[in-house]
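Asker: okay, here's the prediction I keep looking at, along with the sequence it came from:
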Amino acid sequence: MELNDLYTDIILEHSQNSYNKKVIENADITELGHNPSCGDEITLQIKFDGDIIKNIAYTGHGCAISQASASIMIDNIKGKTKKEALDEVELFLKMIKKEITDDNELEKLNDAIAFKNISNMPARVKCAVLAWHTLKESMEK
Amino acid sequence: MELNDLYTDIILEHSQNSYNKKVIENADITELGHNPSCGDEITLQIKFDGDIIKNIAYTGHGCAISQASASIMIDNIKGKTKKEALDEVELFLKMIKKEITDDNELEKLNDAIAFKNISNMPARVKCAVLAWHTLKESMEK
Amino acid sequence: MINKEEIVKDFPILDRKVNGKKLVYFDNAATTQKPLSVINAISDYYKIYNANPHRGAHTLSVEATEAYEQTRNKVAKFINARSEQEIIFTKNTTEALNLVAYSYVNNNLTSDDEITICITEHHSNLIPWQQIAIRKGAKINYMYVDSDGILSVDEIKNKITDKTKVVCIAHVTNTFGIVNPVEEIVSIAHEKGAIVVIDGAQSTPHMKIDVQKLDADFFAFSGHKMLAPMGVGVLYGKKELLKNMTPFLYGGDMIEYVSEQTTTFAELPFKFEAGTQNVEAVVGLSSAIDYIEKIGYEYIEEQERELTEYALEKLNQIDDVIIYGSKNIENKVGVISFNVKDVHPHDTATILDRYGIAIRSGHHCAQPFMKHLDLNSTCRISFYFYNTKEEIDIFIDAIKKVRGHMGYGTK
Amino acid sequence: MINKEEIVKDFPILDRKVNGKKLVYFDNAATTQKPLSVINAISDYYKIYNANPHRGAHTLSVEATEAYEQTRNKVAKFINARSEQEIIFTKNTTEALNLVAYSYVNNNLTSDDEITICITEHHSNLIPWQQIAIRKGAKINYMYVDSDGILSVDEIKNKITDKTKVVCIAHVTNTFGIVNPVEEIVSIAHEKGAIVVIDGAQSTPHMKIDVQKLDADFFAFSGHKMLAPMGVGVLYGKKELLKNMTPFLYGGDMIEYVSEQTTTFAELPFKFEAGTQNVEAVVGLSSAIDYIEKIGYEYIEEQERELTEYALEKLNQIDDVIIYGSKNIENKVGVISFNVKDVHPHDTATILDRYGIAIRSGHHCAQPFMKHLDLNSTCRISFYFYNTKEEIDIFIDAIKKVRGHMGYGTK
Ligand SMILES: Cc1ncc(COP(=O)(O)O)c(C=O)c1O
Ligand SMILES: Cc1ncc(COP(=O)(O)O)c(C=O)c1O
């Protein structure tokens, strides 16, 4: 994997000063996710409107991969229902594990397809999935 | 080292039904010595007449080397003074460690010279010195 | 068909001369020899991808981590654990058993409770429980065996009581090679609400292990007794139990958050693996498992049965040899304890060594068992699949000369 | 004069390509690479004399025992212990420190007592003491350092009190490579009647250790950080202390007499070595010490000083690199912590890895210290004598490209 395929423009853009990195007032859910081995931390905040994810944002610190992944995930699921969001998390995790490789199926992941080949960099897989796991945990509670 | 040089006639004789293997009534000292790693045990009993080792015997169990060494030691020191006995123990240990190799010096060890080359069999050194260490411990108390 | 000559060639040490004679290695219960594939796996590790695992983003560290974690996975499958989270790497069986004593029993035993163990246990599966019983003021119950080393179901039922919290038992004994009725023990113990710790040091090298079928709560074994390098052991534990246990060794890599006054710990299995782990030995264990799976347990069991039958038959024909323990081959691995009449086992071992034959003599780390059978010390031979009948012939010839060397009859 | 090219050739892994580039290994504080002589010592062990030590009368066992015990002797001389009875083999530094916690501190600490440690400690020299303090209800006192990582004598005097029973301190820190004033700490601690545990994991590979001169009560280090195989560590302890300690791991080989209800334990050092020991790794440690003594600490220190000076100078010239910790070369080994501005250390490590360069990133198992300095994560390079200035040049070139890859300035 070349560095340019890892640190793509999309990933770099989302990792630097993302508009999704902020605090939400009166959030319904606040969930902390972290990778103890490397110290990355992400706090997701979600505000619902009924079953719809009305607003979602993150704070925290970590590498470009974990930060960009959080921001791209937020773009993807904002405005969706819980069920739709969880389906998308599953799809993302299956892409990472190479259980789904068909581009047509992956299309709905939009920019998150940028992480498709992260399994070629085993040390960074944890960074890419941090936000998605955190979202899943927060909704399954 | 050939087996015949280890299991010499002298050693075999002393190791089988030695006349020194018995219990002494009213012993002044009873001292247990053992090799935990192999389970050999020897109990020395000594009866003094003033400073003189009037009677000494052993009981216990162990390999031919440890049994013969005990019996030969007893032959050597019976009737000697404490000091003479301890000197002989030192001489014996120095022979084992190859610190003294001169046959003239070693002459007074009599039959115990049979153990001279035991250091060529590191696994058996502990067996050869058990009785002598036990004697030393008993007298230094 | 597997070719024995080819197998023997896989083990470089078997080519060695000892005292001018070809080495006959019959001390496999103490530690086994290593095939070239394992030795090369170690060298390759240090020549190609040695690094501290779990800690680095760099390639060597990633490769070392993968090799380490893939072996965990392989071990889980090898003993049929539900999940690789149930596999903890230790330095040997002894550490694995002590981990259970410190991290489980220490927190789950009161002075009203009892620990039940068998009198045949190896010191490593005896002293940890004895000492914790002393510390807690709890009672330690011994299950006794008959003179053949056989443990009866009645004895098991008598000694596992309503107060028993922990039962510790060797799957196979290291003295006589007896296969204990562990499935019965587990079912009786579980009925009484006790957990069972199985010491698999002498079974795992010789028979297919299925921890789920055994329903073991904990199961421990050592790599070095099954072709792997020294320095790696395995503790299997049921996830529910491991999860609730306090850590054992504290240090790097087993943590989540550390602050000045408190620490939270990592998930299973990392919670129990503190400090730099022995990746080399784990890599070697992986290669050892490959070797065992290549030749298969069927071959291993068949070879050992043949060797044991042959050796028992030949030894039986010598008047001055006393064999200890059950001779029932159905219930036994390739371990035989014996003595030569009038000759102390250390002398027998020394004499055999002069003929190039490596056997074990002594109390075999089982003093209470020896006392129970009124034995001081015995000789022990133990086979692995690479041993041959020709080696047994050499051994039998030498055994016949032992008494002669000790001055009985002619030399 | 020692030829650097020859030395580099001794380490087969340094010939390896990573991502198409020559490997530049700057993660030596995590673990060092191994010379061929050590790798061969391991192979030879398994090819020629592998056996369970201390247990057999046969030749292989005698040879394994001799190799093991001669290494103990060599280690005692290497760190100038009074006697080889003061040398205990463990699996790593972490186990050595836990041994002291379980077997000494556990029996010598009450809720009135205090343990003093430094905020810079590696988790392995922090959590064992923190957890035992929690268990005992004792207080744990932190000595703080300045932003350069330097511990002042005033701070030492303030934090070692009349209540302090144990002081734990790294000889050299793994984050900034600072040499702590251990002799001062020992003398202040001893005045107050406290014992001192020195974590020598990061000092022993780089400087001549004299435990008598340090007057350390306990001193621990790992083989794998000084050319030796994984799986062996050393705990040095003063004989008077070790003698009175309870054992740690219970099992085979550490006993005298075992009966059903009680056990008496073996003499030092065997009391602390339960189960089958890792003879292979000990044999490798012996070969590693030979290598170090052959090239000499003078050469090691000189090389590391030159490399560190050179790297600091070059890094200093790059505007976007922030260097942490004291740059005073007199007080420091070859460890440099830094960050590239705006770039997370993991990204820096990943980018450098693409250039074949292995560095470490993260909290370096020192979370409380990172918090103390308000750092989340840093990059760390650490040298050993086989590193070269050419490697530093490659590293510096790559560092200059890091920000470009992350979209700052031109790629
Ligand atoms: C200062 C320090 N102490 C202790 C340790 C722990 O050593 P090990 O992981 O070999 O147990 C390390 C290395 O990881 C260290 O750098
Ligand atoms: C039955 C049994 N349990 C436990 C052990 C201890 O294994 P290790 O010495 O590898 O810790 C052994 C071997 O020595 C054994 O035979």
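Answerer: On my side now, so go ahead. Numbers count the residues shown, from 1 in each chain, chains lettered A, B, ... in the order given. Ligands and ions are numbered 1, 2, ... in the order given.

Asker: look up how far C:Lys327 lies from the single nearest residue of chain A relative to ligand 1.
Answerer: Residue nearest to ligand 1 within chain A: A:Ser37 (13.8 Å; CB to the nearest ligand atom). Using the backbone N, CA and C atoms, a C-beta is placed for each residue, glycine as well. Look at A:Ser37 and C:Lys327: by CB to CB, to the nearest Å, they are 54 Å apart.

Asker: just to revisit the earlier point, my guess is the residue of chain A closest to ligand 1 meets D:Gly362, correct?
Answerer: Yes. With contact defined as CB atoms under 8 Å, A:Ser37 reaches D:Gly362; the gap is 7.4 Å.

Asker: check which helix or strand covers the residue nearest to the residue of chain A closest to ligand 1 when sequence neighbours are not counted.
Answerer: Take A:Ser37 and drop its neighbours on the chain: the residue closest to it by CB to CB, 6 or more residues apart in numbering or on different chains is C:His54, 6.1 Å away. Using DSSP states H and E, C:His54 sits within no helix or strand.

Asker: run a quick neighbour tally on C:His54.
Answerer: Other residues near C:His54 come to 22 when the count uses other CB atoms under 10 Å in any protein chain shown.

Asker: so which residues of chain A form helices?
Answerer: Secondary structure of chain A by DSSP state H: the helices cover A:3-6, A:9-15, A:64-77, A:82-96, A:103-106, A:122-140.

Asker: pull out the buried positions in the longest one.
Answerer: Within helix A:122-140, the residues scored as buried using 16 or more other CB atoms under 10 Å in any protein chain shown are A:123-136, A:138-139.

Asker: relative to A:Glu41, how far out is the closest residue to A:Ser18 other than its chain neighbours?
Answerer: Nearest non-adjacent residue to A:Ser18, counting by CB to CB, 6+ apart: A:Ser71, 3.9 Å away. Distance, A:Ser71 to A:Glu41, by CB to CB: 15 Å.

Asker: which one of those two has more residues nearby?
Answerer: A:Ser71 (25 against 19).

Asker: quick check: the more buried one touching A:Leu12?
Answerer: No. Using CB under 8 Å, A:Ser71 is not in contact with A:Leu12; the gap is 11.2 Å.

Asker: so which of the helices of chain A is nearest ligand 2?
Answerer: Closest of the helices of chain A to ligand 2 is helix A:122-140, at 31.9 Å (criterion: CB to the nearest ligand atom).

Asker: quick check: C:Thr175 touching C:Thr120?
Answerer: Yes. At 6.5 Å, C:Thr175 and C:Thr120 qualify as touching, with contact defined as CB under 8 Å.

Asker: who has more neighbours, the two?
Answerer: C:Thr120 (29 against 26).

Asker: how many other residues sit next to A:Glu31?
Answerer: When neighbours are counted by other CB under 10 Å, A:Glu31 registers 18.

Asker: how about the contacts made by the nearest residue in space to it that is not next to it in sequence?
Answerer: Nearest residue to A:Glu31, sequence neighbours excluded (CB to CB, 6+ apart): A:Ser138, at 3.6 Å. With contacts defined as CB atoms under 8 Å, 6 or more residues apart in numbering or on different chains, A:Ser138 is in contact with A:Ile29, A:Glu31, A:Leu44, A:Ile46.

Asker: which residues touch the first one?
Answerer: Pointing back at A:Ile29 there. Contact analysis of A:Ile29 by CB under 8 Å, 6+ apart lists A:Leu44, A:Gln45, A:Ile46, A:Phe48, A:Ser138, A:Met139.

Asker: at 10 Å instead, please
Answerer: Neighbouring residues of A:Ile29 by CB atoms under 10 Å, 6 or more residues apart in numbering or on different chains: A:Leu44, A:Gln45, A:Ile46, A:Lys47, A:Phe48, A:Ile53, A:Ile56, A:Leu135, A:Ser138, A:Met139, A:Lys141.

Asker: the helix or strand where C:Glu313 lies packs against which elements?
Answerer: Taking DSSP H and E as the definition, one finds C:Glu313 inside helix C:297-316. Where contact means 3 or more CB pairs under 10 Å, 6 or more residues apart in numbering or on different chains; DSSP states H and E, helix C:297-316 is packed against helix C:4-9, helix C:279-295, strand C:321-324, strand C:335-340, strand C:378-382, helix C:389-405.

Asker: against C:Phe265, how distant is C:Lys371?
Answerer: In terms of CB to CB, C:Lys371 sits 42 Å off from C:Phe265.

Asker: more neighbours, these two?
Answerer: Taking neighbours as other CB under 10 Å, C:Lys371 and C:Phe265 compare with C:Phe265 leading, 19 against 16.

Asker: now the one helix or strand in chain A whose mean pLDDT sits lowest: buried residues?
Answerer: Sorting the helices and strands of chain A by mean pLDDT, DSSP states H and E puts helix A:3-6 at the bottom, at a mean of 91. Under the neighbour-count criterion of 16+ other CB under 10 Å, helix A:3-6 has A:Leu3, A:Leu6 buried.

Asker: which residues touch that helix?
Answerer: With CB under 10 Å, 6+ apart as the test, helix A:3-6 has contacts from A:11, A:64-65, A:114-118, A:120-121, A:124, D:19, D:347, D:350-351, D:353-355, D:401-402, D:404-406, D:411.

Asker: CA atoms of that helix as PDB?
Answerer: As requested, the backbone C-alpha atoms of helix A:3-6 are provided in PDB (Å, rounded to 0.1, in the frame of the first residue of the first chain):
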ATOM      1  CA  LEU A   3       1.200   6.300   1.400                       C
ATOM      2  CA  ASN A   4      -0.900   8.200  -1.100                       C
ATOM      3  CA  ASP A   5      -3.400   5.400  -1.100                       C
ATOM      4  CA  LEU A   6      -3.600   5.600   2.700                       C
END
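
Asker: any stretches of the stretch 101-250 of chain C with poor pLDDT?
Answerer: Scanning the stretch 101-250 of chain C for pLDDT under 70 picks out nothing.

Asker: can you tell me which residues in it are near ligand 2?
Answerer: Those residues of the stretch 101-250 of chain C that sit near ligand 2, judged by CB under 6 Å from any ligand atom, are C:His122, C:Ser124, C:Asn125, C:Ala170, C:Asn174, C:Asp199, C:Ala201, C:Gln202, C:Ser222.

Asker: quick one: buried ones out of those?
Answerer: C:His122, C:Ser124, C:Asn125, C:Ala170, C:Asn174, C:Asp199, C:Ala201, C:Gln202, C:Ser222.
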